[in-house]
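Trainee: Need a 3D model of the following:
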Amino acid sequence: MLTNIAEAAKLASFDLLQASTIQKNAALTAIKDHILQSKEIILAANELDMNAGKINGLTESLLDRLLLTSERLDAICADIDTVINLDDPVGAEFDGKQLENGLFLKKRTVPLGVIGVIYEARPNVTIDIASLTLKTGNACILRGGKETLNSNITLVNIIKKALVSVGFNENCVQLIEDPDRALVLELLKMDKYVDMIIPRGGQKLQEVCTQNSTIPVITGGIGICHLFVDTSADQAKALDVIENAKVQRPSVCNALDTLLIHKDVASEFIPKLVAALGKKDVFLKGCTESISIDKRIAPIEIDGYDTEWLSLTLGLKVVDSIQDAIIHIRTHSTAHSDGILTQNIANADLFVMAVNSAAVYVNASTRFSDGSQFGLGAEVAVSTQKLHARGPMGLDALTTYKWIGQGDNLVRS
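Mentor: Here you go, the predicted structure:
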């Protein structure tokens, strides 16, 4: 079964090579329209998944990721509009040069081909990936988690209807409907058909893919994110940034996990922090020094600074200097999103240079690490690797290039 899906996706990717930007945008418009017209069907399918998730004991963070609402569907469709309005990277030519041997050489941007994406309780990812891959002329094979199966089957069926309505090969977007985990391992070996694997999920999923795949894997999406409160930080404004980073949507990978506080401001700042976040039901866990300042802080576990909380829990640590903050981040960060709150330009520059995460912020919330917020329309994943793509992966990250040589019946001497 999986071989048939992969073969069909490969053939569809060849069809997509010939699609113009106008045609691809028409397909995306059709998908958006079909989603908006099918809201009730989508939400009914999602309700089945939500009910099953509650019965099966899914955590609140996973249920939040799983949930679709009318408003969330509107936001997803707005992201599709953004992708439509973005420049098509495919077909761009660059680095043209005339060689001494008579050959005119240039590079042209082309799709990767077939992209396999393995993800968990995020049905919105289904639409994000479909829109980004179609815009870049790639076919995709999707394998969502069993907890979102009804939602994904419904969404992909709607996407396929939309593609057919504008004359596209419906196999451009494929879904593995069987939740058998053995199929993941099978997909990871299908290098004959699939050009890239992107896992979106926890550490275990990332490890399964990197250890078993014969296909290049882009890893990321695990965020142990930090903010450092420097001595010169505007404390009132810092509290607003911290609250946003932790509270706005705590179940996602760019939410704040650990707050580092310079010792020179800790006694003044920590009580303000505890009071402000206490109103938002944030559970604070911290080091011995932070607890000595405010007894409302609970002791943090030995592995607490290596935990992606995905909930209203925040780790605290008092540090002696900006260098200590940088060392802590290097030790415990997953290289996703980290930031500094400061009014000192030199310290801001030092932090940005020394912290080698995919996204580094100065006086801004880590919640901005998102394809939509970055103006990419959507994202296939947030890469924490250093090769090919880093941070939110938009259109450019889904392309490669080919060399094109032009001559006049030219032969090599």
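
Trainee: make it CA atoms for all contacts and neighbour counts henceforth
Mentor: Fine.

Trainee: Low-confidence ranges, the stretch 151-300 of the chain, go.
Mentor: Residues of the stretch 151-300 of the chain that meet the criterion pLDDT under 70 lie in 221.

Trainee: For residue 210, which non-adjacent residue is closest in space?
Mentor: Spatial nearest neighbour of residue 210, chain neighbours left out: residue 217 (6.4 Å); criterion: C-alpha to C-alpha, 6 or more residues apart in numbering.

Trainee: Quick check: phi and psi at that neighbour.
Mentor: Here is the backbone geometry of residue 217 (degrees, to the nearest 10): phi -120, psi 130.

Trainee: Residue 28: neighbour count?
Mentor: Neighbour count of residue 28, defined by other C-alpha atoms under 10 Å: 26.

Trainee: Tell me the secondary structure of it, please.
Mentor: Under DSSP: H, G, I helix; E, B strand; the rest coil, residue 28 falls in the helix class.

Trainee: residue ranges for the strands of the stretch 101-250 of the chain, please.
Mentor: 104-111, 114-119, 139-143, 173-175, 196-200, 225-229 (DSSP state E, counting those that start in this stretch).

Trainee: Who does the fourth one pair with, and is each partner parallel or antiparallel?
Mentor: Take DSSP bridges as the rule and strand 173-175 pairs in its sheet with strand 139-143 (parallel).

Trainee: Now the strand it pairs with: average pLDDT?
Mentor: Rounded to a whole number, the mean pLDDT of strand 139-143 is 97.

Trainee: What angle do strand 104-111 and that strand make with each other?
Mentor: 30 degrees (axes from the mean of the first three to the mean of the last three C-alpha atoms, to 10 degrees).

Trainee: For strand 139-143, output the C-alpha coordinates as CSV.
Mentor: Output in CSV follows, covering the C-alpha atoms of strand 139-143 (Å, rounded to 0.1, in the frame of the first residue of the first chain):
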residue,chain,number,x,y,z
ALA,A,139,4.4,16.5,-3.7
CYS,A,140,4.0,15.5,-0.1
ILE,A,141,3.2,12.3,1.9
LEU,A,142,1.7,13.1,5.3
ARG,A,143,1.6,10.8,8.3
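
Trainee: For the residue nearest to residue 210, list each beta-bridge partner.
Mentor: Going by DSSP bridges, residue 217 forms beta bridges with residue 197.

Trainee: I'd guessed it sits against residue 200; true?
Mentor: No - with contacts counted by C-alpha atoms under 8 Å, residue 217 stays clear of residue 200, the gap being 11.0 Å.

Trainee: Name the residue in the two with the higher neighbour count.
Mentor: In this view residue 217 and residue 200 are compared by other C-alpha under 10 Å, and residue 200 has more residues nearby, 25 against 20.

Trainee: partner residues bridging the closest residue to residue 363 other than its chain neighbours?
Mentor: Closest residue to residue 363 apart from its sequence neighbours, by C-alpha to C-alpha, 6+ apart: residue 341 at 4.6 Å. Applying DSSP bridges to residue 341 gives these bridge partners: residue 229.

Trainee: burial count for residue 341?
Mentor: Count around residue 341 with other C-alpha under 10 Å applied: 27.

Trainee: ditto for residue 349
Mentor: That count, for residue 349 with other C-alpha under 10 Å as the rule, works out to 12.
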